[in-house]
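A.B. asks: 3D model of this:
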Amino acid sequence: LTSRNSIYYDPKSNLPLKIIIADDSERVPSTKFVSRGLPCSCENLKCGCCAGINIKALNFTRKACTNFTMIPEEFAVDFKLMLDEREMFTNRLS
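C.D. replies: Here you go, the predicted structure:
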């Protein structure tokens with residue numbers, strides 16, 4: 001288990017998110033798990049996660065959010081990606 005800082009940060013606290021890499025190669029060859037400690041929340045059938053992204057070399061600082069909404073009556077999941085509150089991508093898996 002190793003950890004290091006990343007370009008990602010918590011948009012509420014502005015603190016960097018740590019990358020935690022777990023090597024699971026004893027159970028499954030070449031398997032790694034990466035966690036950045038993103039704060040996510042769910043309400044009813046909708047879940048969302050947000051992270052800040054700061055790439056200094058490109059002068060790129062944005063807040064990125066993803067939302068997943070389950071639509072049980074259609075046996076579907078809606079996905080939405082937003083950057084700085086602007087919808088960039090939507091898709092439905094059914």
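A.B. asks: C-alpha only now, for contacts and for neighbours.
C.D. replies: Noted.
A.B. asks: Who are the contact partners of residue 81?
C.D. replies: By Cα atoms under 8 Å, 6 or more residues apart in numbering, the residues touching residue 81 are 64, 65, 66, 67, 87, 88, 89, 90.
A.B. asks: for residue 84, same thing?
C.D. replies: Contacts were defined as Cα under 8 Å, 6+ apart; by that measure residue 84 touches 62, 63, 64.
A.B. asks: By mean pLDDT, point me to the weakest helix or strand of this structure.
C.D. replies: Within the chain, no helix or strand scores below strand 32-35, which has a mean of 51 by mean pLDDT, DSSP states H and E.
A.B. asks: Find the nearest non-adjacent residue to residue 92, please.
C.D. replies: residue 78 (4.4 Å; Cα to Cα, 6 or more residues apart in numbering).
A.B. asks: Report whether the one you found is found in a strand, as I expect.
C.D. replies: Yes - with DSSP: H, G, I helix; E, B strand; the rest coil as the criterion, residue 78 is assigned to a strand.
A.B. asks: what's across from it in the sheet?
C.D. replies: Going by DSSP bridges, residue 78 is paired in beta bridges with residue 69, residue 92.
A.B. asks: What is the burial count for residue 60?
C.D. replies: 9 (other Cα atoms under 10 Å).
A.B. asks: ok, now which ones touch it?
C.D. replies: 53, 54.
A.B. asks: if you set the cut-off to 6 Å instead, what comes out?
C.D. replies: Residue 60 makes contact with residue 54, according to Cα atoms under 6 Å, 6 or more residues apart in numbering.
A.B. asks: what bridges to it?
C.D. replies: Beta bridges link residue 60 to residue 55 when assigned by DSSP bridges.
A.B. asks: hey, where'd the strands end up in this protein?
C.D. replies: 2-9, 16-23, 32-35, 40-43, 46-55, 60-71, 76-83, 86-93 (DSSP state E).
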